[in-house]
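Chemist: Let's see this in three dimensions:
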Amino acid sequence: MELSDLTIFKQVVESGGITRAAEKLNRVPSNVTARVKKLEDELGTSLFLREKNRLKISPSGKQLLKYAHQILTLAQEAITELQQNKPTGVLTVGAMEAVAATRLVEPVVRFHQAFPDIELNIKTAPTGDLIDRVLMGEVDMAFVADPPKDDRLCILPVYQETLILVSDLHHKIIKKPTDLKLEPTLLGFSHSCAYRTRLTDWLKQGNIIAKMVEINSYHTLLSCVAAGMGVGIVPQALLEHYPFSQKIKAHPLPAKWQKSVTAIIWRNDSITSSMEAFTQCVTS
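Modeler: This is a model prediction of the structure:
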């Protein structure tokens, strides 16, 4: 079994088919097909179910995928450590947009100055999506809000955020869910956003049914709030960075709901020297 075969197999799974995997790998589809067939012959089992020109990973393929990820990760770690002591390569870090906008500027500057040979990529997404991407190996590490305990993950708390409700200047003071309209409009990210979940859970205390409008960025969300289009929830630190914060009214949440912990997470079987270096830049 060759590492390159495992790389091709993993790419086929992630791409959902031979053609797209071939494009990602800069190979011709026939070569990818042959390498997958070679791997299946060596293992004596089918890694994919072939249904009307479509590939679906088989139970054996799912077993191999777990080991392929571990083997390829260990191989890359060995190469990185043996080639030179100073971390190099590519590091992909996921972050909630609010964290990327408020917390990462200084750590990223420190990291780039200390390790200019590492190519750093920042990917933004809601907490739920970031946890999935870390577990799938699509990002190396991620900043997420209040991550649940998971034996597959290392979790390092790094920031404590104070969450606040935001409205337009003319909205009455909000102290409890019933201070909103009977069917208020909420502005937030997708259902996988931890802050949105916090807001909807708070509203349930008052049996409030809200209309949710999904927004793709916090600056857009705050602009819509200022225009009176709805109410949102954001970290207080983010509002402090918003250039038109004087057009927004902030409403403190009750103590039970206002505190949120941002943590760095990574797979406990995938730590690299570049990840350790980046973590040091965040915590120093």
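
Chemist: Burial check on Gly228, number of neighbours?
Modeler: 13 (other Cβ atoms under 10 Å). From N, CA and C alone the C-beta is placed, and that goes for glycine too.

Chemist: From Arg20, how far out is it?
Modeler: According to Cβ to Cβ, to the nearest Å, Gly228 stands 44 Å off from Arg20.

Chemist: try Leu163
Modeler: Distance of Leu163 to Arg20, given as Cβ to Cβ: 40 Å.

Chemist: Show me which of the two is the more surrounded one.
Modeler: Comparing Leu163 with Arg20 by other Cβ under 10 Å, the one with more neighbours is Leu163, at 22 against 15.

Chemist: Just say helix, strand or coil for the more buried one.
Modeler: Secondary structure, DSSP: H, G, I helix; E, B strand; the rest coil: Leu163 is strand.

Chemist: and if you look at Val166?
Modeler: strand.

Chemist: So it is in contact with Ala227, correct?
Modeler: No: counting by Cβ atoms under 8 Å, Val166 does not reach Ala227; the two are 12.0 Å apart.

Chemist: which one of these two has more residues nearby?
Modeler: Neighbours per residue, other Cβ under 10 Å: of Val166 and Ala227, the larger number sits with Val166, 25 against 10.

Chemist: List the contacts of the more buried one.
Modeler: By Cβ atoms under 8 Å, 6 or more residues apart in numbering, Val166 lies in contact with 222, 225, 231-234, 239, 248-251.

Chemist: Please enumerate the helices of the stretch 101-250 of the chain.
Modeler: Here the stretch 101-250 of the chain has its helices, by DSSP state H, counting those that start in this stretch, at 105-114, 127-136, 194-204, 218-226, 236-241.

Chemist: Mind giving me the packing neighbours of the second one?
Modeler: The contact analysis (3 or more Cβ pairs under 8 Å, 6 or more residues apart in numbering; DSSP states H and E) places helix 127-136 against strand 89-95, strand 141-145, strand 153-168, strand 259-267.

Chemist: Report the distance from the second one to the chain centre.
Modeler: Strand 141-145 sits 6 Å away from the centroid of its parent chain (Cα atoms, centre = their mean, to the nearest Å).

Chemist: Just name the most buried of the helices and strands packed on helix 127-136.
Modeler: strand 141-145 (a mean of 26; mean count of other Cβ atoms under 10 Å).
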